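Colleague: Next comes the sequence, and after it the predicted model I'd like to discuss.
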Amino acid sequence: MQRIMIVGQPGSGKSTLARKLGECTGLPVVHIDTIHWQPGWVERSRDEKTRLCHEVEARDRWIFEGGHSTTWSNRLARADLLIWIDRSASLRFWRVLSRALRYHGQSRPDLPHDCPERLANLPAFFKFMWQTRRSARMKMEQLAASAPVGCRVVCLRSNRDTRAFLASMEPLKGRVERCSQQR
């Protein structure tokens, strides 16, 4: 396993899972927010985001978490594993609020430097989350259904699912990295 794609709606746990999987497998982790945003909360152009996503997708090894659905089909075509984190809206809203409070005034680990969490941004972000909750889920469901035969699909719907999945990955700890170094 060399390429893992993780999708889910805001607050589902994509970044946290990606970090844990990176530790477990030794694969490099790429967070979509580092492609979407530049320092100072400056959004990149759509074309630049697409170009940067394609550059990551072309690499031999990655854990790539997040959106920019325009490039999902390319990413999925190269992925060995697709993980869809499908969590309830209420949990996701709670997690986004908790994250904003925890990192208030600081940049989260999955964001570029100088992108501090701001509580003032929450109402607009919550509105976005609410408006896209059904359409985004449908899009991810369709993505999972369209996975190529060689790509394993895992759907995580609970903390128990996530713990069990991570436990199943524990035997791989260091093995993926060692195998790629032997090539």
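Modeller: That came through, no problem. Numbers count the residues shown, from 1 in each chain.
Colleague: And the strands in the protein?
Modeller: 3-8, 29-31, 37-38, 42-43, 62-65, 81-85, 152-156 (DSSP state E).
Colleague: got the angle between the first one and strand 81-85?
Modeller: What separates the directions of strand 3-8 and strand 81-85 is an angle of 20 degrees, with axes from the mean of the first three to the mean of the last three Cα atoms, to 10 degrees.
Colleague: Return the residues in contact with the residue nearest the centre of the chain.
Modeller: Central residue of the chain (Cα atoms, centre = their mean): residue 65, 2.2 Å from the mean position. Residues counted as contacts of residue 65 (Cβ atoms under 8 Å, 6 or more residues apart in numbering) are 5, 6, 7, 14, 15, 17, 18, 29, 30, 31, 32, 110. Where you see a C-beta, it was placed from the backbone N, CA and C, and this is true even at glycine.
Colleague: how near is the first one to residue 145?
Modeller: It stands for residue 5. Relative to residue 145, residue 5 is positioned 14 Å away (criterion: Cβ to Cβ, to the nearest Å).
Colleague: out of those two, which sits in the busier spot?
Modeller: Taking other Cβ atoms under 10 Å, residue 5 and residue 145 do not tie; residue 5 has more neighbours (25 against 8).
Colleague: Skipping its backbone neighbours, what lies nearest that one in space?
Modeller: Distance criterion Cβ to Cβ, 6 or more residues apart in numbering; nearest residue to residue 5, sequence neighbours excluded, is residue 79 at 4.1 Å.
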